[in-house]
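Novice: Give me a 3D structure for the following:
(chains A and B)
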Amino acid sequence: SAVISQKPSRDICQRGTSLTIQCQVDSQVTMMFWYRQQPGQSLTLIATANQGSEATYESGFVIDKFPISRPNLTFSTLTVSNMSPEDSSIYLCSAAHSANYGYTFGSGTRLTVV
Amino acid sequence: QKEVEQDPGPLSVPEGAIVSLNCTYSNSAFQYFMWYRQYSRKGPELLMYTYSSGNKEDGRFTAQVDKSSKYISLFIRDSQPSDSATYLCAMTLNNNDMRFGAGTRLTVKP
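Specialist: Just a heads-up that it's a prediction; the model follows:
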């Protein structure tokens, strides 16, 4: 299965600023996904990122707040814009396995907004 | 009602015990069922996946799916302290729209 390198692993940011999270996959994958995970809670899908098209956002998430880039089949970024303390969370990228069902995840970005 | 229900625990067992983790779901269209293991400060890793109903065994782990009851289980035999983690169930119709349970935090005590 694919290996995903995600960075930064953690950051503390001032409110009103933006943070870009990067994910690099060691093989080409068609679909990548961005999730948010509150401590002790399940994963909430933010958006699906396909190469060559606009990301598809889930209800409650908008492109102006969480712009996503997917320039090729091995890389994607998620930006958390104009941050507030409510954006403090763990952000995870993932990629769909090509050989079977299931996803591979990056190690996550632990974001704290102060 | 949540689409996927999973008891968050926490669950604490002695080393060597058999662990049973469970999820229920409401969408009968789900076809693929997965279990992920997530260690602290790490991303989830795929542990097992099953298509439709039935059992699947991999070493000390057994996954069961009962589509008629909309109920899936993960059994861990001879549990080890290294099994201490959060276990998330997940399911999907076509791998494009994965739905996750809340995760059960498991501690295996030596």
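
Novice: Surely residue A:109 touches residue A:4?
Specialist: No. Look at residue A:109 against residue A:4 with C-beta atoms under 8 Å: they stay out of range, at 11.9 Å. (Each C-beta comes from the backbone N, C-alpha and C, glycine too.)

Novice: May I have the residues that are in contact with the residue in chain A that chain B sits nearest to?
Specialist: Residue of chain A nearest chain B, by C-beta to the nearest C-beta: residue A:105 (3.3 Å). Contact analysis of residue A:105 by C-beta atoms under 8 Å, 6 or more residues apart in numbering or on different chains lists A:4, A:92-94, B:36, B:43-45.

Novice: let's see it at 10 Å
Specialist: Contacts for residue A:105 (C-beta atoms under 10 Å, 6 or more residues apart in numbering or on different chains) come out as A:4, A:6, A:23, A:33, A:35, A:37, A:43, A:92-95, B:36, B:38, B:42-46.

Novice: Kindly report the same for residue A:85.
Specialist: Counted by C-beta under 10 Å, 6+ apart, residue A:85 has contacts A:15, A:112-114.

Novice: could you flag which of those are buried?
Specialist: residue A:113 (16 or more other C-beta atoms under 10 Å in any protein chain shown).

Novice: Residue A:56: which of the contacts of residue A:85 is nearest?
Specialist: residue A:113 (25.4 Å; C-beta to C-beta).

Novice: can I assume that closest one is in contact with residue A:91?
Specialist: No. In terms of C-beta atoms under 10 Å, residue A:113 does not count as a neighbour of residue A:91; the distance is 11.9 Å.
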